[in-house]
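# Need a 3D model of the following:
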Amino acid sequence: MEPILVHPNPPTPELARLLDLGGYRWHPVEDERAAMAATPDGGWGGAIVVVDDDSETAWALCRAMRKGDVTVSPVLVIIGGSRLHELEHRDDLFDDFCLNPFHPRELEVRLRHLYWRSGASAAPELVEYGGLVLNLETYQAAVDGEPIDLTYMEYELLKFLAQNPGKVFTRETLLSRVWGYEYYGGARTVDVHIRRLRAKLGEEHAGLISTVRSVGYRFGQSRWGS
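Next up, the predicted model:
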């Protein structure tokens, strides 16, 4: 996975955090010269250009990328509402845009769609459900763009559940599928980890993991809506 070119340098803390949590490799550049000098051997995996007060530098970088001086594709522009007029007659300089200030979930979706559509390999493998994002490459987790600190087994349990939304699993099944058949702990181990996960997900998202009485646990909604 080649790094993403990011302008400006440094980016805003919000953008840097989103990219880090998403597991993207990225490198900030000041302008087109810095972009050319820092180009990896395999090229850039894409670009995110924030059009702010120094819009001329941002658009010059976009032009350099489109002319081939800096080989980058796809290009996502982040721009404020008061600058939308700058997009006119520049359709050829970017592949998609997102309004600034951006919502983390919207930008995540736009990035993933952009890389999927272009066939680029910069997008990491993620599991997403109702504001929850699990990065399967970096073992990071976030809810609504905010990181959550999970132990290895908490992450493994949450990953297994999130990859099987709507299905009900008994405690015994979870023990064997997550902890392994050689694990000799009791069902209470599952209950303890579920309780910790709910606490870390927070009050708003604790309901993602529901208890099915006399059976076990379910992540997300069943297909019957109950």
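
# Below-threshold pLDDT in the protein: ranges please.
Within the chain, the ranges that satisfy pLDDT under 70 run 1, 117-124, 181-185, 222-226.

# for it, what spans make up the helices?
13-21, 32-38, 55-67, 104-118, 152-162, 171-174, 187-201 (DSSP state H).

# Spell out which residues make up each domain of this structure.
Split into domains by automatic domain parsing, the chain comes to 4-124, 127-219.

# so can I have TSV of the helices of the chain showing distance to Q221 and mean neighbour count?
All C-beta atoms are positioned from the backbone trio N, CA, C, and that covers glycine. TSV is the format used below for those (distance: least, Cβ to Cβ, whole Å; neighbours: other Cβ atoms under 10 Å):
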stretch	distance to Q221	mean neighbour count
helix 13-21	25	16
helix 32-38	45	16
helix 55-67	42	18
helix 104-118	19	16
helix 152-162	13	18
helix 171-174	19	16
helix 187-201	16	16
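
# With distance to I78 added, can I get these in CSV?
Below are these laid out as CSV (distance: least, Cβ to Cβ, whole Å):
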stretch, distance to I78
helix 13-21, 8
helix 32-38, 17
helix 55-67, 10
helix 104-118, 8
helix 152-162, 28
helix 171-174, 41
helix 187-201, 29
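
# Looking at these, spot the one closest to F219.
helix 152-162 (3.6 Å; Cβ to Cβ).

# just checking, what packs against the closest one?
strand 126-129, strand 132-135, helix 187-201, strand 216-219 (3 or more Cβ pairs under 8 Å, 6 or more residues apart in numbering; DSSP states H and E).

# Pull the distance from that helix to the chain's centre.
17 Å (Cα atoms, centre = their mean, to the nearest Å).

# about what we covered before: so which of the helices and strands packed on helix 152-162 is nearest Y152?
Across the helices and strands packed on helix 152-162, closest to Y152 is helix 187-201 (Cβ to Cβ), at 11.0 Å.

# give me the number of residues near the residue nearest to G42 when sequence neighbours are not counted?
Spatial nearest neighbour of G42, chain neighbours left out: E2 (5.0 Å); criterion: Cβ to Cβ, 6 or more residues apart in numbering. Residues within reach of E2, counting by other Cβ atoms under 10 Å, total 18.

# Now do E2 against R63, distance only.
21 Å (Cβ to Cβ, to the nearest Å).

# again with S176
Taking Cβ to Cβ, one finds S176 at 57 Å from R63.

# same thing with V51?
13 Å.

# same thing with V70?
10 Å.

# quick one, which of the helices and strands packed on helix 152-162 is nearest to L161?
strand 216-219 (3.6 Å).
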